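Peer 1: Fold the following and give me the result.
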Amino acid sequence: MFAWLFRKKAKKPTGSSPERAPVASKAALEATPASSPLPGAAQAPPAEELRPSKTADDVLRELEAQPAPAPFSEEPELPAAPVDPNLARHLLAEGPVTREFIQQQIALAGKSDSYICRLLMRVHAPSEDKLFRLLAAGYVVPQADVKQCKIPLAVARSLPQDLVERYKMIPIDRVGDLLCIAFAGEVNPKGTEAARKATGLRIKAFRCAPQYLTMFLSRLRAAAASVAPVLAPVPISEAEYEEATRSPEAHWEAVHLSRGPLRAVRIA
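Peer 2: Numbering: from 1, shown residues only. Down below sits the predicted model:
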């Protein structure tokens, strides 16, 4: 009857106590299958399924489905810092000095241990691949119709005939210090270099039909034959040479003076 007086009063919680997870009943534990993993336990990865090996047709189809690579940009990436125009023109005046060209020349000279060669090896010269991609990206050699070109005789004779026949190139015009030549077929870098050395001019190459080379050579020979031949010099004797180079006073004295009793005297 008075049992409630002797019960201990439950203390009120002073703070937030963590909630206890509900205890599963015995019936729920018996209903859980034995094969199901316990919560939080690491599960083993499923075994990988065996895939059939690819055939050549499958590889070709995958390659065709891949997107085509982007073409090389015609505008190269420029450095962030401004470029000195005078230095750039100086490098153009030096010619195409690439890293591979420097290495080749050092190997040919056999002076790899010299001071100048060590300096050359530290030059930041561009590689041939980078320079070729920069110069030839998107460039097409123009096709020239030689019939529409009024070739001056001085321009036609600016290149020796043996170079014209050897490299099959026609000088078609000159624009300032730029000599325009047309190759009867593919352009030839050796022919361009030979034309630069023979004329001392910068060269711009074009293409033309092969028959224009035959027409050019025939007209060049006809123009050379129509020119009047230059008279060959005639040799003279030593006495004639002395007579021609004698002064007027000496010539007068030789004609008018005599060894007789009455000698002529030049007054003026």
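Peer 1: For the rest of this, base every contact and every neighbour count on C-alpha atoms.
Peer 2: Fine.
Peer 1: Dump the host helix or strand of Glu193 to CSV, restricted to CA.
Peer 2: Assigned by DSSP states H and E, Glu193 falls within helix 189-199. Below are the C-alpha coordinates for helix 189-199, written out as CSV (Å, rounded to 0.1, in the frame of the first residue of the first chain):
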residue,chain,number,x,y,z
PRO,A,189,63.5,24.3,-102.6
LYS,A,190,66.9,23.8,-104.2
GLY,A,191,65.8,25.8,-107.2
THR,A,192,64.5,28.6,-105.0
GLU,A,193,67.8,28.7,-103.1
ALA,A,194,69.8,28.8,-106.4
ALA,A,195,67.6,31.7,-107.7
ARG,A,196,68.3,33.6,-104.5
LYS,A,197,72.0,33.1,-104.9
ALA,A,198,72.0,34.0,-108.6
THR,A,199,70.0,37.2,-108.2
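Peer 1: now the helices for the protein?
Peer 2: For the chain, applying DSSP state H gives helices covering 26-31, 56-65, 85-94, 99-109, 115-121, 128-136, 153-156, 161-167, 189-199, 211-226, 238-245, 248-256.
Peer 1: Lys147 is nearest to which of those?
Peer 2: helix 211-226 (8.3 Å; CA to CA).
Peer 1: and Ile181, which of the helices of the chain is closest to it?
Peer 2: Using CA to CA, these put helix 189-199 closest to Ile181, at 8.6 Å.
Peer 1: Can you list the buried residues in the closest one?
Peer 2: Of the residues in helix 189-199, 191-192, 195-196 count as buried by neighbour count, 16 or more other CA atoms under 10 Å.
Peer 1: Please apply the same query to stretch 124-138.
Peer 2: 125, 134.
Peer 1: can you tell me the distance between the two ends of it?
Peer 2: End-to-end distance of stretch 124-138 (CA to CA, to the nearest Å): 26 Å.
Peer 1: same question, stretch 103-120
Peer 2: 9 Å.
Peer 1: what's in contact with it?
Peer 2: The contact list for stretch 103-120 (CA atoms under 8 Å, 6 or more residues apart in numbering) reads 102, 121.
Peer 1: Quickly list what the residue lying closest to Glu186 once chain neighbours are set aside is bridged to.
Peer 2: Distance criterion CA to CA, 6 or more residues apart in numbering; nearest residue to Glu186, sequence neighbours excluded, is Arg207 at 7.0 Å. Residues in a beta bridge with Arg207, per DSSP bridges, are Gln143, Phe183.
Peer 1: I figured Arg207 was touching Cys180, is that so?
Peer 2: No: between Arg207 and Cys180 there is no contact under CA atoms under 8 Å: 10.5 Å.
Peer 1: Which of the helices of the chain sits closest to Arg174?
Peer 2: helix 153-156 (6.8 Å).
Peer 1: Mind listing what's buried along the closest one?
Peer 2: Neighbour-count burial for helix 153-156 flags 155-156 (criterion: 16+ other CA under 10 Å).
Peer 1: now for that helix, which elements pack on it?
Peer 2: strand 169-175 (3 or more CA pairs under 8 Å, 6 or more residues apart in numbering; DSSP states H and E).
Peer 1: Which residues outside the strand it packs on are in contact with it?
Peer 2: 146, 149-152, 155-156, 158-159, 163-164, 179-184, 191, 213, 216.
Peer 1: Strand partners (parallel or antiparallel) of that strand?
Peer 2: In its sheet, and by DSSP bridges, strand 169-175 pairs with strand 178-183 (antiparallel).
Peer 1: Rounded mean pLDDT for the partner strand, please.
Peer 2: The average pLDDT within strand 178-183 is 94.
Peer 1: Tell me what angle that strand forms with helix 211-226.
Peer 2: Angle, strand 178-183 to helix 211-226, by axes from the mean of the first three to the mean of the last three CA atoms, to 10 degrees: 120 degrees.
Peer 1: What residues sit buried inside strand 178-183?
Peer 2: 179-183.
Peer 1: domain parsing for the chain?
Peer 2: Following automatic domain parsing, one finds the domains of the chain at 85-136, 146-223.
Peer 1: would you list those in a markdown table and tack on distance to Thr245?
Peer 2: Shown next, in a markdown table, are the domains of the chain (distance: least, CA to CA, whole Å):
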| stretch | distance to Thr245 |
| --- | --- |
| domain 85-136 | 50 |
| domain 146-223 | 37 |
